[in-house]
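*Asks:* mind looking at a prediction? Sequence and model below.
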Amino acid sequence: MIGVCDLEYPAFAAWIEEHKPAGCEVINTHQDIDWLVKHQEMLFPKDSAAAGRWFSIVQHRAQREYFKAHELDVIILGRRRADGNYVGRNSNIYTDGKGVTRFSPLAAWKHEHILAYIHYHQLPLPPIYGWKNGYLCGTHPWPARHRPPPPPGPPPANGRAASRTAGVRSTISTPASSLRRLKRSTVLAPS
């Protein structure tokens with residue numbers, strides 16, 4: 001299974017549909033632009049705690065739905081410590097407070113192990129890895145990207161801050177109005 005929301009990059013969503021293994025279920029938790037307008041603190045999180053909420057809202061929720069729907073004893077994930085993921089205390093298995101047991105057999109794999117596996121098995125990479133900063137951002141909903149640091153120097157004279165993340169450039173004066181404009185006029189894709 002893979003957990004997604006309506007805020008995925010369109011190219012990544014298309015890649016998932018084209019390359020998912022037979023039997024892989026895509027579980028959409030349906031956060032969209034309207035949801036983001038109501039939860040503006042989730043737009044380009046300022047810290048790891050806010051960024052971690054994205055993981056809980058999308059991936060953990062989708063994993064929990066899959067786990068319950070299929071009456072599983074354990075769900076096997078590709079989570080790794082090298083990516084900063086929690087995989088269990090002194091192990092690679094844990095059960096959360098909602099009764100979902102997660103096992104991460106790749107927990108100790110380094111980046112080189114993953115890249116070697118992809119190379120030797122000739123697996124296609126999602127398009128984000130060919131985009132500027134793709135290896136830094138990874139595959140997650142575009143607004144879940146960390147807020148980039150401000151550019152050096154004094155703030156802009158007009159009081160508006162420009163942000164850039166994973167190839168998306170936007171000028172944000174009031175997040176709600178910017179998100180509404182984005183919803184009406186922009187297809188999110190890398191520049």
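*Replies:* Structure received.
*Asks:* residue 129 reaches residue 135, doesn't it?
*Replies:* Yes. At 6.0 Å, residue 129 counts as touching residue 135 under the criterion of C-beta atoms under 8 Å. Just so you know, the C-beta spots here come from the backbone N, C-alpha and C atoms, and that holds for glycine as well.
*Asks:* wait, residue 103 touches residue 73, no?
*Replies:* No. With contact defined as C-beta under 8 Å, residue 103 does not count as touching residue 73 (9.9 Å).
*Asks:* ranges for the strands of the chain?
*Replies:* 2-4, 26-28, 75-76, 93-95, 101-103, 161-165, 168-172 (DSSP state E).
*Asks:* direction included, what does the fourth one pair up with?
*Replies:* In this case it means strand 93-95. Partners of strand 93-95 in the sheet, by DSSP bridges, are strand 101-103 (antiparallel).
*Asks:* ok, and what's touching the strand it pairs with?
*Replies:* 63, 72-77, 79, 87-88, 92-96 (C-beta atoms under 8 Å, 6 or more residues apart in numbering).
*Asks:* and what of stretch 61-73?
*Replies:* Contacts for stretch 61-73 (C-beta under 8 Å, 6+ apart): 1-4, 25, 27-29, 75, 77, 98, 100-102.
*Asks:* from those, which would you call buried?
*Replies:* 1-4, 27, 29, 75, 77, 100, 102 (16 or more other C-beta atoms under 10 Å).
*Asks:* turn the contacts of stretch 61-73 into a markdown table, including pLDDT.
*Replies:* Shown next, in a markdown table, are the contacts of stretch 61-73 (pLDDT from 0 to 100):
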| residue | pLDDT |
| --- | --- |
| 1 | 93 |
| 2 | 92 |
| 3 | 92 |
| 4 | 93 |
| 25 | 95 |
| 27 | 95 |
| 28 | 95 |
| 29 | 95 |
| 75 | 95 |
| 77 | 93 |
| 98 | 95 |
| 100 | 96 |
| 101 | 96 |
| 102 | 96 |
